[in-house]
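> I'd like to go over a predicted model; first the sequence, then the structure.
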Amino acid sequence: MNTDNLCMNCFNPLTQGSICAKCGYDNDTVADMLFLPPKTVLNGGRYIVGAFISQEGDSASYSGYDTERKACVIIREFLPKNIANRLEGNYEVHIREKYKKSFEKYKDSFIKLWKTLKSLNSLSAVIPVVDVIEENGTAYAVCEKISTVTLRDFLLRSEDNNILWDKARLMFMPVLTTLENLHSNGIIHGGINPDNLVLCKDGKVRLAGFCINECNTADGELEFNENPGYTALEQYNNNHKICPATDIYAFSACIYRALVGTNPPDAVSREANDKLMIPNRIAEKIPAHVIKALGAGLQIYPEKRIQDVYDFRELLSAAPSVVAKSAISSVSANEEGTKQADTANNSAVKKKNKKSGRKKAAIALIAVAVILIAGLSVYIFAFTDILKKGEQTTPSITISKVTVPDFCTAKFTETDIKNNGPWNTWFKISFIYEYSTDVEAGVVFKQSVDAGESVDEGSDIVLTVSRGIETVAVPDVGGMSRDAAVKALEDKGFTVKIVTVYNDGSHTADYVKHNGGIAPEANSEIAKGEEVIIQVYGETETTTAAQTETQTAQ
């Protein structure tokens, strides 16, 4: 395949020089020698490596092309940070002697992960794996390239920065079936967050961002893939074991983000202060059984968390058997006396014949659940006090904590923020304006409260909006004395550079040239702070003048 005139990002023909008219990629971009250079071929020429995309904890990702299927792909090269590198001019991966055993062990994990994922291509919520190969002393996973939008971007573009459960249910529930199958095949994702739950053009939500388990703990040798708010406590602390409940925590956090509009607090801070509040105005729009399911999924300690994706899905669906089981569990945790009474009743029931006893036991469980559901006016997370039971006439929460978004990094404009409903209901936002040489006009570049900080709902936040570069007209200082010209220019905010020019005796020394003595020229608009050059006449240096003075002296 002739790649001379192809874009190495989208593999469409180049029609306007090195910059692709289709995707905008500059094909003259210099490749870092750590990564494979564009146009490298793999697997006997079947795959063409294109532009470098990113590097994660265990691998580097490239755009690629499958010449056999005639389709664009994503190629992931096993290239763990701090362990593997590449010497200039070599395709082979270079491993330092002390890391060779570790590298081989992690490479085996990488191959096993992606071969297992390839065997699960039938799952609806996984991006299909095309191939897994070994070459250049390392391994590669080749996946189909699918146009996607991350859940995070989708929510940011939503009118209220969040969605209602009816819409969220259609997005999230199919992914749980895939997650259950992954767990049954020994795969724990370990890094689920709104950036790797992606929406595809076919309407499906898929799970991306897989990496080997060794990247999912803080105490490992490889770089830790931390996602504050979504990373479970056991990933920071090896006193707790990573298990399927680790993914349930992260998935619950994603649902929380979708419904509430803010990221949950990070797990480490929650261990010290386990408050995870939902504003009443939002909680009233979330079905009670969903809040209860999130409570089970977001338990801070993994052993107390719901353990099985099947049970979690049933809770989200409000299946009667699981609701009943959950209700009994809640009674056990919060009302020990009630539990003892239930145990006594259950023992009495068991003394009857087996068939009728089973039926009555089931009826009793469902009855308990129905009574609890009907009797609670407000539902709570047992571990967080999201909503506290109280008098029906008094709201359970008057002021809730809200996490401050990052308004600056995303380059939001003033219009973006004013048109985004949730922010304007969470905070009292005001704007001030400053000139900036680095930020284009209209874009927010400072905020009075740092991103990620939790503040009371209704708090004041002042956002600074760029006015762009401040420009000033260059004053005409031609014919002025040097000192007067410098002052006039500095008063306007410019820096001044003086260039002395030849004086033939017809000009006054230390005065600026009348014509063409200023650069940039007078009255041109330039950025405040830029340098203005002025040409100033020096002292007369003619020999004629010296002879005249001598003759007069005689």
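Structure's in. What do you need?

> show me the shaky parts of this protein.
319-400, 410, 419-422, 542-554 (pLDDT under 70).

> identify the residues contacting the most centrally placed residue in it.
In the chain, the centroid-proximal residue (C-alpha atoms, centre = their mean) is residue 195; its distance is 5.7 Å. Residue 195 makes contacts with 150-152, 209, 227, as judged by C-beta atoms under 8 Å, 6 or more residues apart in numbering. Using the backbone N, CA and C atoms, a C-beta is placed for each residue, glycine as well.

> of those residues, which belong to strands?
Judged by DSSP state E, strands contain the following of these: residue 150.

> now, among the contacts of residue 195, which is nearest to residue 163?
The closest of those to residue 163 turns out to be residue 151 (C-beta to C-beta; 10.0 Å).

> so how far is residue 182 from the closest one?
For residue 151, the distance to residue 182 equals 18 Å [C-beta to C-beta, to the nearest Å].

> list the contacts for the spatially closest residue to residue 34 that is not a sequence neighbour?
Closest residue to residue 34 apart from its sequence neighbours, by C-beta to C-beta, 6 or more residues apart in numbering: residue 86 at 5.4 Å. By C-beta under 8 Å, 6+ apart, residue 86 lies in contact with 33-36, 79, 92-94.

> show me where the stretch 451-554 of the chain has its strands.
Secondary structure of the stretch 451-554 of the chain (DSSP state E, counting those that start in this stretch): strands at 454-456, 460-466, 471-473, 495-501, 518-519, 525-527, 531-537.

> adjacent strands (with direction) for the first one?
Looking at strand 454-456 with DSSP bridges, its partner strands are strand 401-403 (antiparallel).

> and whichever helix or strand comes after the strand it pairs with, what's buried?
Downstream of strand 401-403, the first helix or strand assigned by DSSP states H and E is helix 414-418. Neighbour counts over helix 414-418 (16 or more other C-beta atoms under 10 Å) mark 414, 416-417 as buried.

> on contacts alone, who are the packing partners of helix 414-418?
Judged by 3 or more C-beta pairs under 8 Å, 6 or more residues apart in numbering; DSSP states H and E, helix 414-418 is in contact with helix 421-426, strand 460-466.

> wait, residue 63 touches residue 8, no?
Yes. Between residue 63 and residue 8 there is a contact under C-beta atoms under 8 Å: 6.8 Å.

> okay, and the common contacts of the two?
Taking C-beta under 8 Å, 6+ apart as the contact rule, residue 63 and residue 8 both touch 50-51.

> contact partners of stretch 528-539?
Here stretch 528-539 makes contact (C-beta under 8 Å, 6+ apart) with 435, 437, 469-472, 474, 477, 482, 485-486, 489, 492-503, 507-513, 516-520, 526.

> give me the buried subset of the residues you listed.
Among these, those that count as buried by neighbour count (16+ other C-beta under 10 Å) are 469, 472, 474, 477, 482, 485-486, 489, 494, 496, 503, 507, 510-513, 517-518, 526.

> out of the strands of the stretch 451-554 of the chain, nearest to residue 157?
strand 460-466 (19.5 Å).

> elements contacting that closest one?
Strand 460-466 packs on helix 414-418, strand 428-434, strand 444-447, going by 3+ C-beta pairs under 8 Å, 6+ apart.

> got the phi and psi for the residue nearest to residue 243 when sequence neighbours are not counted?
Leaving aside its sequence neighbours, residue 243 sits nearest to residue 302 (C-beta to C-beta, 6+ apart; 6.1 Å). When read as degrees, to the nearest 10, the backbone of residue 302 gives phi -60, psi -30.

> hmm, back to that, nearest to residue 143 among the buried residues of helix 414-418?
Of all those, residue 416 has the smallest distance to residue 143: 32.9 Å, by C-beta to C-beta.

> isn't residue 278 up against residue 261?
No. Residue 278 lies out of contact with residue 261 (C-beta under 8 Å); the separation is 10.0 Å.

> which one of those two has more residues nearby?
Legend: neighbour count by other C-beta atoms under 10 Å for residue 278 and residue 261, higher for residue 261 (26 against 23).

> distance of the more buried one from residue 98?
Distance of residue 261 to residue 98, given as C-beta to C-beta: 47 Å.

> then residue 281?
For residue 281, the distance to residue 98 equals 56 Å [C-beta to C-beta].

> higher neighbour count, those two?
Taking other C-beta under 10 Å, residue 281 and residue 98 do not tie; residue 281 has more neighbours (12 against 8).

> assign the more buried one to helix, strand or coil.
When classified by DSSP: H, G, I helix; E, B strand; the rest coil, residue 281 comes out as helix.

> okay, the residue nearest to it when sequence neighbours are not counted and residue 162: tell me how far apart.
The spatial neighbour of residue 281 that comes closest, neighbours along the chain excluded (C-beta to C-beta, 6+ apart), is residue 425 at 7.8 Å. Between residue 425 and residue 162 the computed distance is 11 Å (C-beta to C-beta).

> from the contacts of residue 195, which single one is nearest residue 429?
Once C-beta to C-beta is applied, the member of the contacts of residue 195 that ends up nearest residue 429 is residue 152, at 21.0 Å.

> wait, doesn't that closest one sit right on residue 198?
No. Between residue 152 and residue 198 there is no contact under C-beta under 8 Å: 9.7 Å.

> which one's more surrounded, those two?
Between residue 152 and residue 198, residue 198 has the larger neighbour count (other C-beta under 10 Å), namely 23 against 18.

> quick one: contacts for the nearest residue to that one once chain neighbours are set aside?
If the residues on either side of it in the chain are set aside, residue 198 comes closest to residue 148, at 3.8 Å by C-beta to C-beta, 6+ apart. Counting by C-beta under 8 Å, 6+ apart, residue 148 touches 198-200, 206, 208.

> mind picking the two most distant members of those residues?
The farthest-apart pair in the contacts of residue 148, when distances are taken by C-beta to C-beta, is 199 and 208, at 10.9 Å.

> excluding covalently adjacent residues, which one is nearest to residue 208?
residue 196 (4.4 Å).

> isn't the one you found up against residue 205?
No. Between residue 196 and residue 205 there is no contact under C-beta under 8 Å: 10.8 Å.

> among those two, which residue is more densely surrounded?
Comparing residue 196 with residue 205 by other C-beta under 10 Å, the one with more neighbours is residue 196, at 23 against 20.

> which ones are touching the more buried one?
150, 207-209.

> how about residue 75?
42, 47, 49, 61-64, 140-142.

> same deal with residue 152?
Taking C-beta under 8 Å, 6+ apart, we find residue 152 in contact with 193-195.

> report the beta-bridge partners for residue 129.
Beta bridges link residue 129 to residue 143, judged by DSSP bridges.

> can you report how many residues lie near it?
Residue 129: 22 surrounding residues under other C-beta under 10 Å.

> can you check the one 10 residues further on too?
Using other C-beta under 10 Å as the criterion, residue 139 is surrounded by 22 other residues.

> give me the beta-bridge partners of it?
Beta-bridge pairing of residue 139 under DSSP bridges involves residue 134.

> so it makes contact with residue 113?
No. The criterion here is C-beta under 8 Å, and residue 139 misses it with residue 113 at 10.1 Å.

> can you tell me the closest non-neighbouring residue to residue 442?
Nearest residue to residue 442 in three dimensions, chain neighbours excluded: residue 413, at 4.8 Å (C-beta to C-beta, 6+ apart).

> repeat that for residue 26.
Nearest residue to residue 26, sequence neighbours excluded (C-beta to C-beta, 6+ apart): residue 19, at 5.2 Å.

> quick one: contacts for that neighbour?
Residue 19 is in contact with 25-27, counting by C-beta under 8 Å, 6+ apart.

> and with 10 Å instead?
Residues near residue 19 by C-beta atoms under 10 Å, 6 or more residues apart in numbering: 7, 25-28.
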